[in-house]
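**Q** Following is a predicted model, sequence given first.
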Amino acid sequence: ELKVEQNPLFLSMQEGKNYTIYCNYSTTSDRLYWYRQDPGKSLESLFVLLSNGAVKQEGRLMASLDTKARLSTLHITAAVHDLSATYFCAVFLRDFGNEKLTFGTGTRLTIIP
Amino acid sequence: SQTIHQWPATLVQPVGSPLSLECTVEGTSNPNLYWYRQAAGRGLQLLFYSVGIGQISSEVPQNLSASRPQDRQFILSSKKLLLSDSGFYLCAWSVGVRFSTVPGYTFGSGTRLTVV
């Protein structure tokens, strides 16, 4: 059974600081997604990482994937308040024709002015 | 462009009452469809997924069922709700890998269900 773990679960950081969220998963996969969720809202897609060594950047967020280590990171640079949200990683698994996303536990990020 | 619609947005139901949540997708055909549930302050749990009409796979034994009567329609149901069914229900769709090497997953706006 695929397990996806994120850490930390909660992160409170000051504006202007850098930090990294980690996503570990237990089964080989060639595809990983990052999503953002604002309170009471649905999920917004941030990144899709498709191969080992993939790196994608959008604004102050940068995501990377190491399929050998089964690890993805979401790095936040010079945080600003509007990045406050819950961030989820999700691992894609294809099994006997079935395609599923299994989500991590989420990291609730709070940026303090 | 493709859009996904989910309704209702909010629902308060008594214990023991039935449930029907609907999700439809526009602008695509043969989508993979998914129902997820998110308990308060928790992650997302996959409940059901479907790769075609009438094809439903269940991930977690529970008080819920799903149906796909049409290609772009996915329904989540219950005959008798339990308190533990409360949560935020999200429908999602994707293009299967048979159609795209980069299947994105797009989520609906969600239904917040409170069972009282």
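**A** Received the coordinates, thanks. Residues are numbered from 1 along each chain as shown, chains lettered A, B, ... in the order given.

**Q** just checking, B:Leu47 touches B:Leu33?
**A** No - at 11.4 Å, B:Leu47 and B:Leu33 do not qualify as touching, with contact defined as C-beta atoms under 8 Å. In short, each C-beta sits where N, CA and C put it, glycine included.

**Q** For the two, indicate the residue with more neighbours.
**A** B:Leu33 (26 against 20; other C-beta atoms under 10 Å in any protein chain shown).

**Q** and that one, what are its bridge partners?
**A** Beta bridges link B:Leu33 to B:Ser50, B:Trp93, judged by DSSP bridges.

**Q** Spell out, range by range, the strands that occur in the chain.
**A** No chain in the question, so chain A it is. A:4-7, A:10-14, A:19-25, A:32-37, A:43-49, A:55-58, A:61-66, A:71-76, A:85-95, A:98-103, A:107-112 (DSSP state E).

**Q** should've been chain B
**A** Listed in chain order, the strands of chain B (DSSP E) span B:3-7, B:10-13, B:19-26, B:32-38, B:44-52, B:55-58, B:65-70, B:73-78, B:87-94, B:105-107, B:111-115.

**Q** Please list the residues outside the second one that contact it.
**A** Going back to what we said before, that points to strand B:10-13. With contacts defined as C-beta atoms under 8 Å, 6 or more residues apart in numbering or on different chains, strand B:10-13 is touched by B:Leu19, B:Leu21, B:Leu81, B:Thr111, B:Arg112, B:Leu113, B:Thr114, B:Val115, B:Val116.

**Q** Apply 6 Å and report the result again.
**A** The contact list for strand B:10-13, computed with C-beta atoms under 6 Å, 6 or more residues apart in numbering or on different chains, reads B:Leu81, B:Arg112, B:Leu113, B:Thr114, B:Val115.

**Q** Mind giving me the packing neighbours of the helix or strand bottoming out on mean pLDDT in chain A?
**A** When the helices and strands of chain A are scored by mean pLDDT, DSSP states H and E, strand A:98-103 comes last with a mean of 86. With contacts defined as 3 or more C-beta pairs under 6 Å, 6 or more residues apart in numbering or on different chains; DSSP states H and E, strand A:98-103 has these neighbours: strand A:85-95.

**Q** tell me what the strand it packs on is packed against?
**A** Partner elements for strand A:85-95 (3+ C-beta pairs under 6 Å, 6+ apart): strand A:19-25, strand A:32-37, strand A:98-103.

**Q** Now that strand: buried residues?
**A** By neighbour count on 16 or more other C-beta atoms under 10 Å in any protein chain shown, the buried set for strand A:85-95 is A:Ala85, A:Thr86, A:Tyr87, A:Phe88, A:Cys89, A:Ala90, A:Val91, A:Phe92, A:Leu93.

**Q** From what I see, the second one and A:Thr105 are in contact.
**A** No - proximity of A:Thr86 to A:Thr105 does not meet the contact threshold set by C-beta atoms under 6 Å, at 9.9 Å.

**Q** what comes up buried for stretch B:45-58?
**A** Neighbour-count burial for stretch B:45-58 flags B:Gln45, B:Leu46, B:Leu47, B:Phe48, B:Tyr49, B:Ser50, B:Val51, B:Ile56 (criterion: 16+ other C-beta under 10 Å).

**Q** and it, how far apart are its ends?
**A** 12 Å (C-alpha to C-alpha, to the nearest Å).

**Q** At the geometric centre of chain A, which residue do we find?
**A** A:Cys89 (3.6 Å; C-alpha atoms, centre = their mean).
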